[in-house]
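Chemist: Take a look and give me a structure for this.
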Amino acid sequence: MPEKGSFTGKDFGGAKRRLLVFFERPGNTTSCATIDLRDMGDVSVHAYSDDPDQLAAVLRYIHEKYPEVEVELIDPRNFFYFWYVAKHHIKGGKATWIYNGRKVFEGIPSFEEVDRMLMQEQE
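Modeler: Residues are numbered from 1 along each chain as shown. All right, here's what the predicted structure looks like:
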């Protein structure tokens, strides 16, 4: 049995721990991408959305403290994620966090809230 805090792909049926972060990006196009946060310099979000600097700081924190978590940044206007948007009542302007299929937060979490949300699977 792995020690507490260590996860492998086998712990989640072969899949990594997965965090989907829905937020509107500026512009007329929509996209989704699995981002290697090591290559990310900053995150750009719509001016009416949550604080982009805080969102970028939280995403960097997740990358540093939880490297095993696969993070996908998704524009809620992306047609391929329509069912997630409908199921979880995702609205534009507020970041929505879906962790392993469950909506766990709306807005920008503090570092303590990130720890609570990502540690819940380990308990």
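
Chemist: Please pull out the lowest mean pLDDT helix or strand from this structure.
Modeler: strand 32-34 (a mean of 54; mean pLDDT, DSSP states H and E).

Chemist: Please state the mean pLDDT value computed over the next helix or strand after that one.
Modeler: Counting by DSSP states H and E, the element after strand 32-34 in chain order, helix or strand, is helix 52-65. Averaging pLDDT along helix 52-65 yields 90.

Chemist: list the helices and strands helix 52-65 packs on?
Modeler: Applying 3 or more Cβ pairs under 8 Å, 6 or more residues apart in numbering; DSSP states H and E, we find helix 52-65 packed against strand 69-74, helix 111-119. (Glycine included, C-beta is placed from N, CA and C.)

Chemist: Give me the angle between the first one and helix 52-65.
Modeler: For strand 69-74 against helix 52-65, the angle by axes from the mean of the first three to the mean of the last three Cα atoms, to 10 degrees is 150 degrees.

Chemist: relative to helix 111-119, how tilted is strand 69-74?
Modeler: Per the same axes, to 10 degrees, the angle that strand 69-74 makes with helix 111-119 is 110 degrees.

Chemist: Would you mind listing the buried residues in strand 69-74?
Modeler: When burial is assessed from 16 or more other Cβ atoms under 10 Å, strand 69-74 yields the following buried residues: 69, 71, 73-74.

Chemist: I'd like to know how many residues surround Ile62.
Modeler: Other residues near Ile62 number 21, with proximity taken as other Cβ atoms under 10 Å.

Chemist: Double-check it against Asp115; I have them as touching.
Modeler: No: using Cβ atoms under 8 Å, Ile62 makes no contact with Asp115, being 9.8 Å away.

Chemist: partners of the helix or strand hosting Trp97, with directions?
Modeler: Assigned by DSSP H and E, Trp97 belongs to strand 96-99. Strand 96-99 has its sheet partners listed here by DSSP bridges as strand 17-22 (antiparallel), strand 102-106 (antiparallel).

Chemist: What's the mean pLDDT across the shortest one?
Modeler: Which is strand 102-106. Mean per-residue pLDDT for strand 102-106: 92.
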